[in-house]
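A.B. asks: need a structure here:
(2 chains)
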Amino acid sequence: MATVTSSDIAAPPSGTIPASYARKSTGLVRQIGIGGQSVFSASGSPLGVTLVLALFALTLFPKSNFFIAMAIALVAGVFAWVTFALLSAMMPRVGGDYAFVSRILNPALGLGSNLAFFFGSMMASGLWCYWVAEQGLSPAFSVIGAVTNSKGLTELGASFGPEHHVNCFLVAAGALILMSVLSALGTKVAFRVITALFVIAAVGFVADILILAFTSHASFVSKINHLGGAGSYAKTVSKGSSSLFPVGGGYSTRSTIGAAYYCLSNTVFCWVGAYTIAEFRRAGQRKRQLTTMVGSGVGQIFLVLLGAVVFLNTVGYDFFISALGGNFSGPGGSTVGLAGYVYFAGVAAPGKFLVIILSLAFMGWWLPGLYVNMAMAQRALLSYSLDGLLPRKVAYVNPRTHTPLVAIAIVTIGGLAGCAWVAFSPSFFEVLGIMLLLSFVPMVFVGIAAVAVKYRRPDLYKGSPAEWRVAGVEVLPIAGAGCFLVGVVAIGTALYFHKELAFNLWQAAALPFAILAIGAVWYAVARALRGKEGVQLDLAYSTIPPE
Amino acid sequence: MGLFTRRGASPGASKGRRIFFATDIHGSDRCFRKFINAGRFYGVDYLILGGDITGKSLVPIERTARGYTAQFNDHHYLDIDEPECLALEQRIRDHGQYPYVGERDELLALGDAAHRDRVFRAAITDGIRRWVALAEERLAESGIRCFVTPGNDDYHDIDQALRESDVVEFVEGSTVRLDEHEMITSGYSNITPWDSPREMPEEQMLARLTDMSAVVSDPENLIAVVHPPPFDTLLDHAPAIDADFVVQLEGGSPRMVPVGSTAVRSFIEATQPLLALHGHVHESRASESIGRTLCINPGSEYTEGTLAGAIVTLGERTVLSHQLVVG
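C.D. replies: Numbers count the residues shown, from 1 in each chain, chains lettered A, B, ... in the order given. Below you'll find the model as predicted:
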């Protein structure tokens, strides 16, 4: 829809009436490019990491059809992306699910639902800093050691493997504290560091995929045999349990459903873009929100599929799964499963120098990912404090660095706890599984809010960009119902596959309810305590009748 | 002292004088109606509207023999009848824009910048007159005082409409007394890239604020309503733009930079009023203390007809409590 500015933008073509004229006034800026906003929406799930995590589906759910699983994830994801896009267009404000649920349904429910995401972010902070060691340093040194024939480097890589709990924890804690210090020093400093790392990692990812794309399968087999010894490729495949492979195309429906859940949980969180979407001007445009949020989700799935096709075509499905299971006996083979595409792209890369560069570039994903998760948790604390749900001191900002030191400290402590849990847990999949499960809780309530908004907040909905009809049918209630169902089915599926995802069924099932109960009690306590100050907490969420 | 209790606050905090402050409603009819009703809803003694009260956009509605046609908020309205058109006009006003109904040739005439400027100014002034009439109808006899100041985005044309009211108090550039507190008000901002109607260089703004505060009898009890927030605080961060007004990204996210006023900061640091109320930067909804001065920017969410504001309870030389609300 066209908007014409009074003086600094050209007048409309003769004979056409624009949708609106904007006068020259403060804040009138040209909108950020759709590409830029899409990248922003997708930044919650860095591409290289998403590929690594998505490919884990092959080992978590043997005999699953990865491509069908991704297709299911795509269809399910669309409901969530459309729901969040339309609600963001209607309420373009910082806060995402917390703002939607607390304003449309109930503040205590909004808090409880967002607490699930908050705890998920804290766990994610612990997980991502742990991955600096296990998925960053370990495969990087292993690959470099393998191609340079350096036993020391290979052993160094192995020393950051999952069985070395203390090493991993120390590296992880160091990474977490480093990012906390960077955050405390100032947003500008932190952003420069993570931008640089992100760019390096993205360039490395593209190079990895290109190398694999231009390496024939025969050439790859030859290189593996050269690296691991004669017949190494065939031996690895034969060592793999036949139960892991889809013999004669016999994929397992059950495993494919499990893999679909897992793929969805790694790609759906483009809706995290809704948390900060209000920072973009013209965020209240439906087409823009739909294009960027759905576009980033679909685009990411497409790129992950492309990467997976290239990777599996060159490396070989059976070989990769067997190697993930630790059956590849080449140098650093024990850690190959942690970052398969990097390891094997390294193996295929022409020249040791390039291998070293690519391996180091892969490490660039982890600190930005850690920063994003820490920032989400800090942002939640600031929102709670601003709304009176936490002491005001939590929102204290250092006057020199302009950073929320108390919130950073709280997230650091929570992240360290999460990190210790990951490092000393029998399987990091337990933490990953619970973290992902919790992250679906806001989807459930946002779905309900999307269905209910026309009844509970008609003032917001009627005539808004969210009141979108296709062939006369309102989209938001349908998308919301779908978002709700996807959230509920995802949580149910995660619980059904609790053994594969390595968590305790009843503990995991009780957790979302426990967090919602914490939210309700938290809100009641804050309300009572604020009341003693003469502050009525309910007013923060109450709508003033305009008439 | 409880976990959530501020130092100095007491159960009797609500006994102080209460202010509701909102800002940057940019022509939103719905926000203004809420603002007027906020007095009774929040139980406050004073309503303060802190500038940038007029809208930025004109929405053409074409009148034809078949009905009315317009595009608004991602909706295409084709040949709607008169009652539907009236409802659409109200919806446009509720979102802070001005409907302009006319035949095709009248709408095409808006392509001329000078004519468009005249139409804009007329729509804005008409809008303010309607608001003043509404405030007079709802607030008369209520005992609630209502203060309004224009902001940097507001044409000077609106001042007269505000001055004529005996209920709405036009306080731009003046000092008024709120019981034991005095309040100074300035809607001017530091220089922006948009060359808006009420801007001045930092040195001039500092001199103006200093002159205004010089006549205040008790600076420790002063309330300063100054449209732009102090520079480099939580209250003044907005996305950086380049010379072509394009938002700049860093790390995939908008690069946020301080855009507040150094003059306002210097004034607050030197004068240390009790309370400083700001707006201007919609994205930076926050409160922060500079020395003993509590500075608040309640932000703005006018585009969706939501009124962001702050309730402040004042005691003798102290702020007993403050709360950011979204109504």
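
A.B. asks: pLDDT score for residue 157?
C.D. replies: You didn't say which chain, so I picked chain A. In this model, A:Gly157 is scored at 85, pLDDT.

A.B. asks: nope, chain B
C.D. replies: On pLDDT, B:Asp157 comes in at 92.

A.B. asks: now do B:Thr54
C.D. replies: At B:Thr54, the pLDDT value in this model is 95.

A.B. asks: now do the contacts for A:Pro465.
C.D. replies: A:86, A:89-90, A:284-286, A:289, B:73-75 (Cβ atoms under 8 Å, 6 or more residues apart in numbering or on different chains). To be clear about C-beta, it is placed using only N, CA and C from the backbone, and glycine gets the same treatment.

A.B. asks: just the ones of the residues you listed in helices?
C.D. replies: Restricting those to those inside helices, with DSSP state H as the criterion, leaves A:86, A:89-90, A:286, A:289.

A.B. asks: neighbour-wise, which of those leads?
C.D. replies: Neighbour counts for the ones in helices among the contacts of A:Pro465 peak at A:Gln289, which has 31 neighbours (criterion: other Cβ atoms under 10 Å in any protein chain shown).

A.B. asks: can you check the pLDDT for the nearest residue to that residue once chain neighbours are set aside?
C.D. replies: Distances taken as Cβ to Cβ, 6 or more residues apart in numbering or on different chains place A:Ala85 nearest to A:Gln289, at 3.9 Å, with adjacent residues excluded. Looking at A:Ala85, its pLDDT is 89.

A.B. asks: circling back: format the ones in helices among the contacts of A:Pro465 as JSON lines; extra columns: distance to A:Lys239.
C.D. replies: Compiled in JSON lines, the ones in helices among the contacts of A:Pro465 are given as follows (distance: Cβ to Cβ, whole Å):
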{"residue": "A:Leu86", "distance to A:Lys239": "51"}
{"residue": "A:Ala89", "distance to A:Lys239": "53"}
{"residue": "A:Met90", "distance to A:Lys239": "55"}
{"residue": "A:Arg286", "distance to A:Lys239": "54"}
{"residue": "A:Gln289", "distance to A:Lys239": "49"}
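
A.B. asks: rewinding a little: how near is the residue nearest to A:Gln289 to chain B?
C.D. replies: Using Cβ to the nearest Cβ, to the nearest Å, we find A:Ala85 at a distance of 12 Å from chain B.

A.B. asks: can I assume that residue is in contact with A:Met293?
C.D. replies: Yes - using Cβ atoms under 8 Å, A:Ala85 makes contact with A:Met293 at a distance of 4.2 Å.

A.B. asks: on that earlier part again, between the contacts of A:Pro465, which sits nearest A:Asn149?
C.D. replies: Set against A:Asn149, the nearest of these by Cβ to Cβ is A:Gln289 (52.6 Å).

A.B. asks: name the element residue 121 belongs to?
C.D. replies: Assuming you mean chain A. Using DSSP states H and E, A:Ser121 falls within helix A:107-131.

A.B. asks: nope, chain B please
C.D. replies: helix B:113-139.

A.B. asks: next structured bit after that helix?
C.D. replies: Scanning the chain past helix B:113-139 towards its C-terminal end, the next helix or strand to appear is strand B:145-149 (assignment: DSSP H and E).

A.B. asks: and that next one, how far from the chain's centre?
C.D. replies: Strand B:145-149 has its C-alpha centroid displaced from the chain centroid by 11 Å (Cα atoms, centre = their mean, to the nearest Å).

A.B. asks: immediately after it, which helix or strand?
C.D. replies: Counting by DSSP H and E, the element that comes right after strand B:145-149 along the chain is helix B:158-163.

A.B. asks: neighbouring contacts of that next one?
C.D. replies: Outside helix B:158-163, the residues that touch it by Cβ under 8 Å, 6+ apart are B:53-54, B:124-125, B:128-129, B:132, B:148, B:150, B:168, B:170, B:172.

A.B. asks: 10 Å instead?
C.D. replies: Counting by Cβ atoms under 10 Å, 6 or more residues apart in numbering or on different chains, the neighbours of helix B:158-163 from elsewhere in the structure are B:49, B:53-54, B:121, B:124-133, B:135, B:148-150, B:154, B:168-172, B:187, B:197.

A.B. asks: for the residue of chain A found nearest chain B, what are phi and psi?
C.D. replies: When distances are taken as Cβ to the nearest Cβ, chain A approaches chain B most closely through A:Gly534, which lies 3.2 Å from it. With angles defined as degrees, to the nearest 10, A:Gly534 sits at phi 90, psi 10.

A.B. asks: distance of it from B:Val44?
C.D. replies: With distances taken as Cβ to Cβ, to the nearest Å, A:Gly534 is found 12 Å from B:Val44.

A.B. asks: still on that earlier bit, retrieve the pLDDT associated with the residue of chain A closest to chain B.
C.D. replies: 76.

A.B. asks: ok, and of the contacts of helix B:158-163, which contact chain A?
C.D. replies: For chain A, the contacts drawn from the contacts of helix B:158-163 by Cβ under 10 Å from any Cβ of the partner chain are B:54, B:121, B:124, B:154, B:197.

A.B. asks: any low-confidence regions in chain B?
C.D. replies: In the prediction, chain B carries residues with pLDDT under 70 at positions B:1-15, B:249-254.

A.B. asks: who's in contact with A:Pro350?
C.D. replies: With contacts defined as Cβ under 10 Å, 6+ apart, A:Pro350 is in contact with A:211, A:214-215.

A.B. asks: return the members of those classed as buried.
C.D. replies: Using 16 or more other Cβ atoms under 10 Å in any protein chain shown as the burial test, the contacts of A:Pro350 include A:211, A:215 as buried.

A.B. asks: now, which of the contacts of A:Pro350 lie within helices?
C.D. replies: Cross-referencing those with the helices (criterion: DSSP H) gives A:Ile211 as the overlap.

A.B. asks: give me the phi and psi for the residue lying closest to B:Ile191 once chain neighbours are set aside.
C.D. replies: Ranked by Cβ to Cβ, 6+ apart and with sequence neighbours excluded, the top spatial neighbour of B:Ile191 is B:Glu199, at 5.2 Å. As for B:Glu199, its main-chain torsions (degrees, to the nearest 10) stand at phi -130, psi 150.

A.B. asks: okay, now B:Glu199: neighbour count?
C.D. replies: If we define neighbours as other Cβ under 10 Å, then B:Glu199 has 18 of them.

A.B. asks: how close does A:Phe269 get to A:Gln285?
C.D. replies: Taking Cβ to Cβ as the measure, A:Phe269 and A:Gln285 are separated by 22 Å.

A.B. asks: no wait, A:Thr543
C.D. replies: In this view, A:Thr543 and A:Gln285 are 24 Å apart by Cβ to Cβ.

A.B. asks: could you do A:Gly120 as well?
C.D. replies: 29 Å.

A.B. asks: okay, those two: which has more neighbours?
C.D. replies: Shown here are A:Gly120 and A:Gln285; by other Cβ under 10 Å, A:Gly120 has more neighbours (26 against 21).

A.B. asks: skip the chain neighbours and tell me the closest residue to that one.
C.D. replies: Spatial nearest neighbour of A:Gly120, excluding adjacent residues (Cβ to Cβ, 6+ apart): A:Leu438 at 4.1 Å.

A.B. asks: please settle this for me: is the one you found part of a helix?
C.D. replies: Yes - the assignment for A:Leu438 is a helix, going by DSSP: H, G, I helix; E, B strand; the rest coil.

A.B. asks: show me the helices in the stretch 151-300 of chain B, by range?
C.D. replies: Assignment of helices within the stretch 151-300 of chain B using DSSP state H, counting those that start in this stretch yields the ranges B:158-163, B:202-214, B:262-271.

A.B. asks: same question but for the stretch 1-150 of chain B, I mixed them up
C.D. replies: So, for the stretch 1-150 of chain B - with DSSP H, counting those that start in this stretch - the helices run B:29-42, B:82-94, B:104-108, B:113-139.

A.B. asks: closest to B:Ala243 out of the ones you listed?
C.D. replies: When the helices of the stretch 1-150 of chain B are compared by Cβ to Cβ, helix B:113-139 sits nearest B:Ala243, at 21.5 Å.
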